[in-house]
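Engineer: From the sequence below, what's the structure:
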Amino acid sequence: MIAAVYLALSASMSLGNQATARGWTARAERLVRDHDLEAVRGWVGLAQAHFATDDGHPEAGRRHATEALEDVFATITPRRVREEQP
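Structural biologist: Numbers count the residues shown, from 1 in each chain. So this is what the prediction gives:
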C-alpha cells in the first residue's frame, strides 16, 4: 500500500502524470479498505491532500490532511495509553 502511495506521488511530482497518480491513489485506497489496513490509511489521505492542493483546492487539501492526522492519532493513541498505564 505504501508503494502505491509512493508511485502516485512520484507519477505526479516527477512525471506530471496526474491520471497515473490518481490511479495509484485509488489502488492504495482499495488496499486499505479491502485489507483493513487502518494503520496506514493516513498515507492515502496525505496523497489526497497533495493532489487537492495541487489542483487548486486548498480547503479540500486541508480536509484530507486533517483526516490523515486524525487517522494516525486514532491508530497510535490507544497503544500509547496502554503502554503508559501501570
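Engineer: contacts and neighbour counts: CA atoms only from here.
Structural biologist: Noted.
Engineer: Look up the closest residue to Arg63, ignoring the ones flanking it.
Structural biologist: Nearest non-adjacent residue to Arg63, counting by C-alpha to C-alpha, 6 or more residues apart in numbering: Ala49, 7.4 Å away.
Engineer: Run a quick neighbour tally on that neighbour.
Structural biologist: 24 (other C-alpha atoms under 10 Å).
Engineer: What separation do you get for it and His35?
Structural biologist: Relative to His35, Ala49 is positioned 22 Å away (C-alpha to C-alpha, to the nearest Å).
Engineer: Kindly report the same for Gly23.
Structural biologist: For Gly23, the distance to His35 - C-alpha to C-alpha - is 18 Å.
Engineer: ok, those two, which is more surrounded?
Structural biologist: In terms of neighbours (other C-alpha under 10 Å), Gly23 is the more surrounded of Gly23 and His35; the figures are 16 against 9.
Engineer: OK, contacts around that one?
Structural biologist: Ala8 (C-alpha atoms under 8 Å, 6 or more residues apart in numbering).
Engineer: Distance of it relative to Gly56?
Structural biologist: 19 Å.
Engineer: which stretches of the chain form helices?
Structural biologist: Assigned by DSSP state H, the chain shows helices spanning 2-13, 18-34, 41-54, 58-84.
Engineer: highest average neighbour count across these?
Structural biologist: helix 41-54 (a mean of 22; mean count of other C-alpha atoms under 10 Å).
Engineer: could you give the angle of it to helix 18-34?
Structural biologist: 150 degrees (axes from the mean of the first three to the mean of the last three C-alpha atoms, to 10 degrees).
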